[in-house]
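Colleague: Have a look; sequence and predicted model below, questions after that.
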Amino acid sequence: MEICCSLQSMVNKIGPHGSLILVQIITASYVVLSKVIMVQGISSTVFLVYQFILATLFMGFLALIFERKKMPPLTKQILGGIFLLALIGVTIAQIMLATALYFISSTIESSVLNMIPAITFVLSLITRQEKLQLHTLWGIGKIFGTLLSISGALVLMFWRGGSLTETVKSPSPNDFISIGMGISLSTTTVGLVMVVIGVLAFSTWILMLETMTRRYPAELSMTTIMFLFATLQTGIVAIILNREASQWQLKWDLELLDIVVGGALNSGLANFFVAWCAGLKGPVFVASFAPLGLLFTTILETIFLGQTMGTGSIFGSVMIIVGLYIYLLSKAQEEKYQILIEAGDLDDQMTSSLLQNNQIQQC
């Protein structure tokens, strides 16, 4: 019981802001470690299966300790929803993003991944989970902050002393893949299509999380079941693509460490924090922290891989931090206003005055 209380107090203490920053640190650490071991040639699907198995066991252990007595009943509708979460946000998204690295560089993939906040924001507007509110200062602030963070991420990726030119080369015959019917596509096109599918799947998954966490308010248990489904789904794909026993062998080196970090931390705890924050703050709030992942990746690469941090890296990092701060400040103002409205502390005259003040400040 004391452990349960200490975990709950820790989560409440760091809050959604600290949780999502921690998620990006974990993700960045996993990405840097994966860059080192991927050259060893392990299959991406086999790699994901081992990660998901570990994530299921690790999160299941935590769920058994902390949610055993408060676990809501599992209905067919809940299981169906969690199955879709696993299929869209874990299986499809992770397979697409991992496989895309065979066709394009991590630089190109990272630049596309930084579109997650914008895509999530657009999808949330379509599904009416978010309101544009251009007539308010906080509405404009959220949009401006999101765009500034995305712009900073792009600056960080492409203004680093030659990183852009390294990804551009003249195509050769080996750079094309035949898809039948006399049609061939460049490997870059195939990789970009995979990344776009992965980003769309991930953004959709974040939107679905908000609804599912309200229907099933036991994030540890839901994460466990989600990765159990993802293990089965990805396992089927891995068995079809990797039929030789040698392709399933693990090496007792950084490869095993990466699976532990990816399974327990990046897949397990990180997804638990994302689910908790999505239910508490909404999908756009969660997605707005995505550009920080690139910032932390750049810092870790500078420290451990010896890469230099040039002027573009510093300038882009500042843009990311300032953009995120503007978004969070605008989001906080919106939440304060909503709390006053729900509490009935604002009458029509005060509401009109507040909106007018926002419009005056915009001018």
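Modeller: Perfect, thanks for sending it.
Colleague: give the contact list for Thr213.
Modeller: Residues in contact with Thr213 (CB atoms under 8 Å, 6 or more residues apart in numbering) are 219, 222, 275-276, 278-279. Backbone N, C-alpha and C define where each C-beta goes, glycine included.
Colleague: That one and Gln133, how far apart?
Modeller: According to CB to CB, to the nearest Å, Thr213 and Gln133 sit 24 Å apart.
Colleague: what's the farthest-apart pair in the contacts of Thr213?
Modeller: By the measure CB to CB, Met222 and Ala278 form the most distant pair in these, at 11.3 Å.
Colleague: The two: who's more crowded?
Modeller: Between Met222 and Ala278, counted using other CB atoms under 10 Å, the more crowded position is Met222 (30 against 27).
Colleague: buried sites along the helix or strand harbouring Ile53?
Modeller: Per DSSP states H and E, Ile53 falls inside helix 44-66. Neighbour-count burial for helix 44-66, counted by 16 or more other CB atoms under 10 Å, picks out 44-60, 62-63, 66.
Colleague: Just the mean pLDDT for it, thanks.
Modeller: Averaging pLDDT along helix 44-66 yields 92.
Colleague: and it, what does it pack onto?
Modeller: helix 2-37, helix 93-100, helix 219-241, helix 254-260, helix 270-281 (3 or more CB pairs under 8 Å, 6 or more residues apart in numbering; DSSP states H and E).
Colleague: Report the angle between the third one and helix 270-281.
Modeller: Spelled out, that is helix 219-241. Going by axes from the mean of the first three to the mean of the last three CA atoms, to 10 degrees, helix 219-241 is angled at 130 degrees with respect to helix 270-281.
Colleague: Which positions in helix 219-241 come out as buried?
Modeller: 219-231, 233-235, 237-238.
Colleague: Direction-wise, compare it with helix 44-66 and give the angle.
Modeller: 160 degrees.
Colleague: Show me how far helix 219-241 is from its chain's centre.
Modeller: 18 Å (CA atoms, centre = their mean, to the nearest Å).
Colleague: For that helix, enumerate the helices and strands it packs against.
Modeller: Other elements packing on helix 219-241 under the criterion 3+ CB pairs under 8 Å, 6+ apart are helix 44-66, helix 76-85, helix 93-100, helix 187-215, helix 270-281.
Colleague: Figure out which of those helices is closest to Leu340.
Modeller: Closest among the helices and strands packed on helix 219-241, using CB to CB: helix 270-281, at 18.1 Å.
Colleague: so after the closest one, what's the next helix or strand?
Modeller: Helix 270-281 is succeeded, C-terminally, by helix 283-287 (DSSP H and E).
Colleague: Show me what that following helix is packed up against.
Modeller: Taking 3+ CB pairs under 8 Å, 6+ apart as the contact cut, helix 283-287 packs with helix 116-126, helix 187-215, helix 270-281.
Colleague: now for the helix or strand that comes right after the shortest one, which elements pack on it?
Modeller: Tracing the chain C-terminally past helix 116-126 and defining elements by DSSP H and E, one meets helix 137-158 next. With contacts defined as 3+ CB pairs under 8 Å, 6+ apart, the secondary structure elements packing on helix 137-158 are helix 106-113, helix 116-126, helix 290-304, helix 311-343, helix 348-362.
Colleague: swap the cut-off to 10 Å and go again
Modeller: helix 106-113, helix 116-126, helix 163-166, helix 283-287, helix 290-304, helix 311-343, helix 348-362 (3 or more CB pairs under 10 Å, 6 or more residues apart in numbering; DSSP states H and E).
Colleague: The helices and strands packed on helix 44-66: lowest mean pLDDT?
Modeller: helix 2-37 (a mean of 75).
Colleague: for the chain, which residue is closest to the average position?
Modeller: Nearest residue to the geometric centre of the chain (CA atoms, centre = their mean): Ala290, 6.1 Å.
Colleague: Which residue, other than its chain neighbours, is closest to that one?
Modeller: Ile116 (4.5 Å; CB to CB, 6 or more residues apart in numbering).
Colleague: That neighbour contacts Ser203, doesn't it?
Modeller: Yes - the criterion here is CB atoms under 10 Å, and Ile116 meets it with Ser203 at 5.8 Å.
Colleague: Now the common contact residues for these two.
Modeller: Applying CB atoms under 10 Å, 6 or more residues apart in numbering, one finds that Ile116 and Ser203 are jointly contacted by 287, 290.
Colleague: So these two - more neighbours on which side?
Modeller: Ser203 (27 against 24).
Colleague: Contacts only, for that one.
Modeller: 88-89, 93, 115-124, 283-284, 287, 290.
Colleague: From these, list the buried ones, please.
Modeller: Using 16+ other CB under 10 Å, the buried ones in the contacts of Ser203 are 88-89, 93, 115-121, 123-124, 283-284, 287, 290.
Colleague: So which of those sits lowest on pLDDT?
Modeller: Lowest pLDDT among those: Met115, 77.
Colleague: Phi, psi for it please.
Modeller: phi -90, psi 0 (degrees, to the nearest 10).
Colleague: Which residue is the nearest non-sequential neighbour of it?
Modeller: Using CB to CB, 6+ apart and skipping the chain neighbours, the partner closest in space to Met115 is Val199 (6.1 Å).
Colleague: shouldn't that neighbour be in contact with Ile116?
Modeller: Yes - Val199 is within contact range of Ile116, at 5.8 Å (criterion: CB under 10 Å).
Colleague: Give me the common contacts of those two.
Modeller: Ala290.
Colleague: re earlier: could you dump the helices and strands packed on helix 44-66 to CSV with distance to Val318?
Modeller: Listed next are the helices and strands packed on helix 44-66 as CSV, based on distance: least, CB to CB, whole Å:
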stretch, distance to Val318
helix 2-37, 17
helix 93-100, 27
helix 219-241, 33
helix 254-260, 31
helix 270-281, 25
